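Chemist: this one's structure only:
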């Protein structure tokens, strides 16, 4: 809750809308409603990541120009949102931007990725990169670590844990594909938004990610991840390697 309220205070704007899941505490909802500029909508179901963001984007005030997509376990610095929107506006040809992402211990998270493949899914799920040298090389290439994360770069798959999009372009492509309940909706939206403009990574701004790694702890989430890959493959084409 502390992180969410930090984000609320950091926005420094009016007209914000928050969609709360059924599991949200009454304390959190009351805190959000105490802010005069915030509209709170309580959902009766966990509708999925992309669908929830689509609903929020449709409720945004008419003057809204940017859409911030963020997990709840993200920590940001003060004035971060204003600096983030300015950073995206520096890239007039880009419609999606992802910042540098670090783990709670300060280590970098290499979350710029190439288009998903079945091998990448298996390596990352089973942590084969920790056991097999060729899998380590493959994952290093998949996460674009042969590029410099200290320089801005174009990316084909930005992480949905935190990104910012131009709202007009997001609406033009129809937002997130709501068939994805969770996982790979970020790969899909990155590729879809490429119809309008580029997706960029910037090292000039950073967020900290709590990093839950759900699929490694839950069979249900692992199955959802596999289902999302099947959806993605039917839409964009199956890739083994």
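Modeler: Noted; the coordinates are in hand. Remember, predicted model here, so these are calculated numbers, not experimental data.
Chemist: centroid residue for the chain?
Modeler: Nearest residue to the geometric centre of the chain (C-alpha atoms, centre = their mean): residue 160, 1.3 Å.
Chemist: so this structure: which segments form each domain?
Modeler: 1-46, 47-236 (automatic domain parsing).
Chemist: for the chain, which helix is longest?
Modeler: Looking across the chain with DSSP state H, the single longest helix is helix 219-236.
Chemist: and that one, what other elements does it pack with?
Modeler: helix 118-126, helix 185-193 (3 or more C-beta pairs under 8 Å, 6 or more residues apart in numbering; DSSP states H and E). In this view, the C-beta of every residue, glycine as well, is placed from N, C-alpha and C.
Chemist: and residue 163, how far from residue 230?
Modeler: 24 Å (C-beta to C-beta, to the nearest Å).
Chemist: so for those two, which sits in the more crowded spot?
Modeler: residue 163 (24 against 11; other C-beta atoms under 10 Å).
Chemist: what secondary structure does the more buried one sit in?
Modeler: strand (DSSP: H, G, I helix; E, B strand; the rest coil).
Chemist: what number of residues lie near residue 182?
Modeler: Neighbours of residue 182 (other C-beta under 10 Å): 17.
Chemist: tell me the contacts of it?
Modeler: 48-49, 221, 224-225, 228 (C-beta atoms under 8 Å, 6 or more residues apart in numbering).
Chemist: point out the least confident one among those.
Modeler: Lowest pLDDT of the contacts of residue 182: residue 221, 87.
Chemist: in contact with the residue lying closest to residue 65 once chain neighbours are set aside, which residues?
Modeler: Spatially, and ignoring its direct neighbours in sequence, residue 65 is nearest to residue 167 (5.9 Å; C-beta to C-beta, 6 or more residues apart in numbering). Contact analysis of residue 167 by C-beta under 8 Å, 6+ apart lists 57, 60, 64-67.
Chemist: among the residues you listed, name the ones in helices.
Modeler: residue 57.
Chemist: narrow the contacts of residue 167 to those in strands?
Modeler: Of the contacts of residue 167, the ones assigned to strands by DSSP state E are 66-67.
Chemist: which one of the contacts of residue 167 sits closest to residue 235?
Modeler: residue 57 (20.7 Å; C-beta to C-beta).
Chemist: and the closest one, how many residues sit next to it?
Modeler: 18.
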